Structures are given as C-alpha cells and as structure tokens.
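K.L.:
need the 3D shape of this:
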Amino acid sequence: MNISTMTSMFYNRREDGSLTPFPEAIARCKAAGFDVLDLNMCPMDVRRKQCFCDDDWEARLEETIAAAKEHNVTFFQSHPPYRPGCLPHFENPEDDAFFRTMERRALEITARVGGAWAVLHPVCDPELGEDWDAQIALNHEIFDDMVELAAKLGIGVAFENMVQFPGAPYKFAARPEELAALCDSYNLPNVGICWDFGHGNLSVSGRHEEALRLLGKRIKVTHVHDNLGVRDDHFMPFLGDIQWEKLMPIMKEIGYEGTLNLEIGLTHKMPNGLRDEAACLAASATKMLADMVEG
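P.N.:
Predicted coordinates for the structure are as follows:
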C-alpha cells in the first residue's frame with residue numbers, strides 16, 4: 001500500500017503568502033518520505049493564483065515534470081479546481097467560462113504528469129433539495145464533457161464525498177448512497193469515487209465502516225485527514241477522533257488498490273524552518289495507516 005501526499009503539503013509561505021513552486025514542493029515531499037504525489041491544482045480557479053493559469057503554463061508544467069523525474073516521484077492523482085459551495089455556476093459568466101477552461105486544462109495536466117485519476121467535487125443546486133435524480137442530472141450537465149475528455153486523455157475522474165454539516169443546507173453527495181448512485185449513473189470504467197475520510201467523519205460518523213463497504217471497489221482514490229467531528233480541520237491522522245484502526249482493515253477487505261493520500265493542513269501556517277520536520281512526521285503517521293491496511 002503506497003502512501004502519497006498532495007503537493008500542497010508545501011503550500012502558501014507563511015513569510016509572504018506566496019505559493020511554493022511545484023518543483024520545490026516535489027523535492028521537499030520526496031525528502032519527507034513520499035514517492036507518490038497528488039498534484040494539487042485547486043488554486044486554478046477565478047483567483048488565478050497558480051502558475052498553470054498563466055500564459056506560460058506549459059513551460060511551468062515542463063519544469064514540474066522535470067522535477068518529478070529528477071526526484072524519482074510519480075503522480076497517482078490530482079485535484080483540479082472546484083466550485084465554491086458546490087454551486088453549479090459562478091454568478092459572473094466570464095468567471096464561469098474561465099473556470100471551465102481551467103478544469104479542462106487541469107485534466108490535460110493530470111494526463112501529462114502521468115496521473116491516473118482527477119478528483120472532482122459534485123455540484124448541488126439547493127433548489128432541487130433531496131431529489132437525487134435531479135441532482136444527478138445536474139451533475140451530468142456539468143461534468144459529462146469532463147468525463148468524455150478524461151477518457152480521451154486516458155485518465156479517470158473520481159467524485160468526492162462532500163460534507164453535510166448539522167443544520168446546514170442540504171449537500172448532495174455527502175451520503176455514500178448518493179455518491180454511489182452518481183458513480184453508477186455513468187457506468188464507465190473511468191468514473192469512480194474519492195473517499196475523503198475527514199468528510200466522512202463529519203457526515204456519516206456513525207456509519208463510516210458501512211459507507212466504505214457500501215462503496216467498495218468504486219473507491220479509486222482517497223483524501224486522508226482527521227478532525228474532531230465538528231469542523232473540516234484537515235488534521236494529520238491521529239490528531240482527531242477518527243478510528244483508523246477500524247477503518248483501515250476495511251480498505252483491504254474491499255480490495256482498494258490506490259494510495260493513502262494525505263490532504264492535510266499541518267504545515268500551512270508553519271514557518272518554513274518547521275515544515276520539513278512536520279512533513280516527515282505526517283509521512284510516518286501515514287505509513288502506520290498503510291501497515292493497518294496490510295494487517
């Protein structure tokens with residue numbers, strides 16, 4: 001069982017708020033103990049913060065690919081940008097058009113770095129309520145062209161489980177049954193599920209084990225992080241109340257073949273001098289999870 005981490009293990013610099021360049025992030029993730037990575041392209045949205053939004057994005061991509069080769073790391077998955085609040089459209093049509101361009105570019109980048117899966121956030125129209133059929137139809141409207149493009153590129157898309165906070169408006173795809181229905185509606189080998197353990201702890205905490213078994217082989221990739229069941233904290237494993245000892249053996253039981261991929265905020269606010277040591281600790285914690293899977 002391989003472990004991996006998002007390149008955002010090294011993300012905004014505390015000192016000036018700038019994004020760490022991908023080549024530097026790759027080198028530091030490798031030094032911390034990660035041979036497999038998730039290319040985090042979430043800032044490729046209307047904020048236009050990431051280098052892949054610029055006109056010279058292909059040159060920056062070649063630098064990223066070269067860094068991966070230099071440090072002997074591979075990319076198993078990516079995280080393209082997502083729509084805030086899971087709303088299907090931006091209010092500004094220009095923002096919406098830009099975002100769609102970035103989504104498609106992120107899929108191309110995923111294929112070019114050798115990734116197998118790109119993680120997408122399902123959308124939700126609050127006015128449709130808990131009408132699963134209508135919500136699924138909406139997601140097809142938004143994502144069918146992405147699924148088609150992914151197939152042409154030779155990669156898959158994995159829909160991620162969302163968060164249903166108590167008292168908050170309904171969020172489609174927070175329940176495993178909804179996520180399974182969305183995945184099955186495509187009935188395609190390149191459409192699967194990303195199970196986010198932190199989101200699961202918030203939305204289905206009393207039936208986390210059941211959720212994994214229900215989704216089974218549909219789960220192609222993971223987001224591994226912890227919380228205390230109140231906020232989406234993105235803690236390192238073992239800093240929250242997720243019962244990893246119960247969940248990890250189920251990953252073997254269902255035949256999970258992907259990586260255990262960290263999506264944590266452990267280092268985001270740390271001074272630069274502490275980040276590498278913290279990343280090493282995170283790698284050790286994830287290796288413990290991998291050992292639990294292997295039994």
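
K.L.:
show me where this protein has its strands.
P.N.:
3-6, 36-40, 74-79, 117-120, 156-160, 191-196, 219-223, 260-262 (DSSP state E).

K.L.:
and residue 47, how many neighbours does it have?
P.N.:
Look at residue 47: counted by other CB atoms under 10 Å, it has 10 neighbours. All C-beta spots, glycine's among them, are computed from the backbone N, C-alpha and C.

K.L.:
quick one on the thing from earlier: distance to residue 238 and mean pLDDT for the strands of the chain - can I get that in JSON lines?
P.N.:
Shown next, in JSON lines, are those (distance: least, CB to CB, whole Å; pLDDT from 0 to 100):
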{"stretch": "strand 3-6", "distance to residue 238": "14", "mean pLDDT": "98"}
{"stretch": "strand 36-40", "distance to residue 238": "20", "mean pLDDT": "98"}
{"stretch": "strand 74-79", "distance to residue 238": "23", "mean pLDDT": "98"}
{"stretch": "strand 117-120", "distance to residue 238": "23", "mean pLDDT": "98"}
{"stretch": "strand 156-160", "distance to residue 238": "22", "mean pLDDT": "98"}
{"stretch": "strand 191-196", "distance to residue 238": "17", "mean pLDDT": "98"}
{"stretch": "strand 219-223", "distance to residue 238": "16", "mean pLDDT": "98"}
{"stretch": "strand 260-262", "distance to residue 238": "12", "mean pLDDT": "98"}
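
K.L.:
which of the ones you listed sits closest to residue 272?
P.N.:
strand 3-6 (17.5 Å; CB to CB).

K.L.:
packing partners for that closest one?
P.N.:
strand 36-40, strand 74-79, strand 260-262, helix 272-294 (3 or more CB pairs under 8 Å, 6 or more residues apart in numbering; DSSP states H and E).

K.L.:
how big is the angle separating the longest one from strand 219-223?
P.N.:
So the one you mean is helix 272-294. In terms of direction (axes from the mean of the first three to the mean of the last three CA atoms, to 10 degrees), helix 272-294 departs from strand 219-223 by 150 degrees.

K.L.:
I'd like the average pLDDT over helix 272-294.
P.N.:
Helix 272-294 shows a mean pLDDT of 96.

K.L.:
so how far is it from its chain's centroid?
P.N.:
Distance of helix 272-294 from the chain centroid (CA atoms, centre = their mean, to the nearest Å) equals 18 Å.

K.L.:
got the buried residues for that helix?
P.N.:
By neighbour count with 16 or more other CB atoms under 10 Å, helix 272-294 contains the buried residues 275-276, 278-279, 282-283, 285-286, 289, 292-293.

K.L.:
right, and residue 67 touches residue 20 too?
P.N.:
No. Counting by CB atoms under 8 Å, residue 20 is not a contact partner of residue 67; they are 12.0 Å apart.

K.L.:
distance check, the nearest residue to residue 292 once chain neighbours are set aside against residue 139.
P.N.:
Excluding the flanking residues, the one nearest residue 292 by CB to CB, 6 or more residues apart in numbering is residue 248, at 3.5 Å. The spacing between residue 248 and residue 139, counted by CB to CB, to the nearest Å, is 30 Å.

K.L.:
follow-up on the earlier one: closest to residue 229 out of the strands of the chain?
P.N.:
strand 191-196 (14.2 Å).

K.L.:
so what secondary structure elements neighbour that closest one?
P.N.:
Partner elements for strand 191-196 (3+ CB pairs under 8 Å, 6+ apart): strand 117-120, strand 156-160, helix 176-186, helix 208-215, strand 219-223.

K.L.:
dump it to CSV, restricted to CA.
P.N.:
Taking Å, rounded to 0.1, in the frame of the first residue of the first chain, the C-alpha atoms of strand 191-196 are listed here in CSV:
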residue,chain,number,x,y,z
VAL,A,191,-15.6,7.1,-13.3
GLY,A,192,-15.0,6.3,-9.7
ILE,A,193,-15.1,7.8,-6.2
CYS,A,194,-12.6,9.6,-4.0
TRP,A,195,-13.3,8.8,-0.3
ASP,A,196,-12.5,11.7,1.9
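
K.L.:
specify the angle between it and strand 74-79 in degrees.
P.N.:
Compare the direction of strand 191-196 with that of strand 74-79 by the same axes, to 10 degrees and you get 90 degrees.

K.L.:
and the contacts of strand 191-196?
P.N.:
For strand 191-196, the surrounding residues in contact (CB atoms under 8 Å, 6 or more residues apart in numbering) are 77, 117, 119, 147, 156-161, 179-180, 183, 211-212, 215, 218-223, 225, 263.
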